[in-house]
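Chemist: Using only what follows, build the 3D model:
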Amino acid sequence: MSLTNRDRTIIKDLNKFRVMDRDSIAEIYFSKTKDPKKSANNVLLRLLRDGEIQRSTAFTPYVYFGPDVSIKQNSQKIGHFLAILNVYKEIKRLGNLGTFLVEPKYGKKGIVEPDVFCQYRKTNFFIEVQRTVYSDKLMNEKLDRYIDLYNSGIMAAPFPHVLILSDQRYGIDGEYPFQVFQAETFTQFINGLKKEEPAPIKIKSAGLKLRIG
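Modeler: Next up is the predicted model:
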């Protein structure tokens with residue numbers, strides 16, 4: 001059976017996100033069907049039988065991988081990639097989501113590797129999806145690598161804002177040539193921008209102002 005346009009989109013996104021769970025696939029691609037989960041199951045089973053995708057039954061619901069993805073089906077990285085996928089779904093629900101890249105590479109080894117580069121309301125962001133609790137020292141070292149990326153000139157101006165999504169609040173020291181934000185979720189971050197008080201968000205910048213829209 002030849003692949004449909006939706007089949008190709010699912011396979012492409014499975015390669016992009018590395019791994020996607022059944023419920024997320026149902027939400028993203030089958031939300032307009034009568035029974036999204038059942039529709040997703042039928043399509044995913046067909047693609048699996050045809051050798052177009054991979055599956056792990058170690059999770060509930062099952063998770064799926066693209067044909068180009070080489071990751072152990074019980075890898076601890078799976079939880080991290082699913083957290084990135086949840087951020088994508090959250091921003092997509094908010095609307096005005098442009099580019100969304102997963103773990104983009106910039107330059108040589110040692111340059112910071114963001115979890116996400118995305119464009120929301122025509123504003124560029126690097127997003128760190130922190131499921132693991134870092135020490136303040138490690139987080140500041142990671143931000144220092146963002147400074148290295150800034151100084152490399154690889155990124156066209158203006159340099160993206162850096163958003164750390166975590167339940168943990170980090171003590172971020174120093175000033176940066178870009179803005180650094182902290183929030184538990186992207187929605188909390190956006191809602192915080194609508195308020196006069198900056199309580200939900202921690203901002204460190206070198207006099208730059210954020211404008212979205």
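Chemist: now the helices: where do they sit in this protein?
Modeler: 5-17, 22-29, 36-49, 77-94, 136-152, 186-193 (DSSP state H).
Chemist: check contacts around residue 82.
Modeler: Listed by Cβ atoms under 8 Å, 6 or more residues apart in numbering, the contact set of residue 82 reads 19, 20, 21, 24, 63. (Each C-beta comes from the backbone N, C-alpha and C, glycine too.)
Chemist: got the end-to-end distance for stretch 98-108?
Modeler: 26 Å (Cα to Cα, to the nearest Å).
Chemist: what comes up buried for it?
Modeler: 100, 102 (16 or more other Cβ atoms under 10 Å).
Chemist: With stretch 79-95 instead?
Modeler: 80, 81, 82, 84, 85, 86, 87, 88, 91.
Chemist: mind checking how far the nearest residue to the last one once chain neighbours are set aside is from residue 43?
Modeler: Once its chain neighbours are removed from consideration, residue 91 has its nearest residue in residue 97; the separation is 4.9 Å (Cβ to Cβ, 6 or more residues apart in numbering). Taking Cβ to Cβ, to the nearest Å as the measure, residue 97 falls 24 Å from residue 43.
Chemist: Have a look at those two and say which one is more surrounded.
Modeler: Just comparing residue 97 and residue 43: by other Cβ atoms under 10 Å the higher neighbour count belongs to residue 43, 19 against 15.
Chemist: tell me the centre residue of this protein?
Modeler: Among the residues of the chain, the one closest to the centroid is residue 84, at 3.6 Å (Cα atoms, centre = their mean).
Chemist: And the closest residue in space to that one that isn't next to it in sequence, how far from residue 87?
Modeler: Using Cβ to Cβ, 6+ apart and skipping residues adjacent in sequence, the residue nearest residue 84 is residue 129, 5.3 Å away. Plainly put, residue 129 is 6 Å away from residue 87 if you go by Cβ to Cβ.
Chemist: joint contacts of the two?
Modeler: Residues touching both residue 129 and residue 87 (Cβ under 8 Å, 6+ apart): 116, 165.
Chemist: measure residue 148 to residue 88 for me?
Modeler: Taking Cβ to Cβ, one finds residue 148 at 26 Å from residue 88.
Chemist: I meant to write residue 80 there.
Modeler: 13 Å.
Chemist: What of residue 45?
Modeler: Distance from residue 45 to residue 88, counting by Cβ to Cβ: 24 Å.
Chemist: I'd like the domain boundaries of this protein, if you could list them.
Modeler: Each domain of the chain is listed here as a residue range: 5-71, 79-193, per automatic domain parsing.
Chemist: Worst mean pLDDT among those domains?
Modeler: Mean pLDDT is lowest for domain 79-193 out of the domains of the chain, coming in at a mean of 92.
Chemist: Regarding that domain, how distant is the last residue from the first?
Modeler: 29 Å.
Chemist: How about stretch 161-173?
Modeler: This stretch, stretch 161-173, spans 16 Å end to end (Cα to Cα).
Chemist: Show me which residues of it are buried.
Modeler: Neighbour-count burial for stretch 161-173 [16+ other Cβ under 10 Å]: 161, 162, 163, 164, 165, 166, 170, 172.
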